[in-house]
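Q: how would this look folded up:
(one chain, ligands or ions: 1)
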Amino acid sequence: MEFLQAADRAALHVSVSQIKGFQSCPRRYQLRHVLGAKPEHRSANLVLGTAVHTALAGFYQALKGGVVPADEELFEAARLSLVEAAKQDPPILLEDGETLADLLATAEALVRTFLAGVERPDEVLAVEVPFFMDIIEPDSGVILEEQLTGYIDAVVRFGDDLVVLEHKTAARAWSQDQLDFDLQVALYQAATDAARVRLQVVCKTRVPKLMLHDLVRSQQEQREAVVIVCRVLDAIRAGAFWPAPGWACKTCEYRKQCRG
Ligand code: SF4
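A: Next up, the predicted model:
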């Protein structure tokens, strides 16, 4: 798995989630990554997503070791993640009337839904694995100072296909536009040369559901994704950080500072 090795050179690093974060709101990127502002709270969705991720990582880690994981162990992993998160600062922003017990119950329901619907791979090659990728400006061929980094949830084989698995916890099923244009999919495929990226979206709907999406990006789409990364880095270097008000402001962890 050559792509899983760290590239052998010193470099500044920018993660795929930082690039996506800039795309969603440059001002929030500035507060978080440039100014190092202290967040006012943590989003309940974020800590819930981390808890589910922890359980799913345990699932694939056990499979990698040739063990069939016990459901209860995975529920417990999610529970512990949430309990630990609740002890830390800043506080978790709960919705009106929501409690930590509600989050715990939701986490277990989501992990249960995943276990009921997931397709087990033929082989698990790696779990929670970092990658580092040189960013080559497509037009000039210049290798940028920054390297792109990320954490791949799991790399598996289905038959002969090398497949990257990416886990998402979402309020609802992803729209077709999200599936068609999500930057992460193209970049992960570019970084790994995988046959496809499988998004495993656990939806926090009234009746939770698991949506599996096998996504393949063409060479052209991968190239376009790298161009977006280059232009985002241009904007960051130029100090171009504008607020992008929208639905995310409601739970934004820098809301007061954004306005201040
Ligand atoms: S409050 Fe809204 S505009 Fe301001 S940083 Fe947060 S998401 Fe961006």
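Q: Glu253 belongs to a helix?
A: No: secondary structure assignment places Glu253 outside any helix; it is coil (DSSP: H, G, I helix; E, B strand; the rest coil).
Q: tell me who's in contact with it.
A: Residues touching Glu253, when contacts are defined by Cβ atoms under 8 Å, 6 or more residues apart in numbering, comprise 39-43, 90, 93. Any C-beta I mention is one placed from the backbone N, CA and C, and that applies to glycine too.
Q: so Leu212 is in which element?
A: Leu212 belongs to strand 209-215 when elements are defined using DSSP states H and E.
Q: can you list the strands that that strand pairs with?
A: strand 196-203 (antiparallel) (DSSP bridges).
Q: neighbouring contacts of the partner strand?
A: Applying Cβ under 8 Å, 6+ apart, the external contacts of strand 196-203 come out as 52, 56, 110, 113-114, 118, 161, 163-174, 179, 182, 185, 188-189, 208-217.
Q: picking that back up, okay if I get the contacts of Glu253 as CSV plus pLDDT, neighbour count and distance to Asp71?
A: CSV is the format used below for the contacts of Glu253 (pLDDT from 0 to 100; neighbours: other Cβ atoms under 10 Å; distance: Cβ to Cβ, whole Å):
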residue, pLDDT, neighbour count, distance to Asp71
Pro39, 96, 17, 33
Glu40, 95, 14, 36
His41, 96, 16, 31
Arg42, 94, 19, 27
Ser43, 92, 17, 27
Pro90, 95, 11, 32
Leu93, 93, 19, 29
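Q: which parts of the longest helix anywhere in the chain are buried?
A: Of all the segments of type helix in the chain, defined by DSSP state H, the longest one is helix 44-64. Buried positions in helix 44-64, judged by neighbour count with 16 or more other Cβ atoms under 10 Å: 44-45, 47-64.
Q: other SSEs contacting it?
A: Contacts defined by 3 or more Cβ pairs under 8 Å, 6 or more residues apart in numbering; DSSP states H and E place helix 44-64 against helix 71-87, strand 92-93, helix 100-117, strand 123-136, strand 143-158, strand 161-170.
Q: is any residue of it near the ligand?
A: No: applying Cβ under 6 Å from any ligand atom, one finds that helix 44-64 is not in contact with the ligand, the shortest distance being 13.7 Å.
Q: compute the inter-axis angle for that helix and strand 143-158.
A: Angle of helix 44-64 versus strand 143-158, following axes from the mean of the first three to the mean of the last three Cα atoms, to 10 degrees, is 60 degrees.
Q: residues from the stretch 151-260 of the chain in reach of the ligand?
A: Selection of the stretch 151-260 of the chain residues close to the ligand by Cβ under 6 Å from any ligand atom yields 243-245, 248-249, 252, 254-255, 258.
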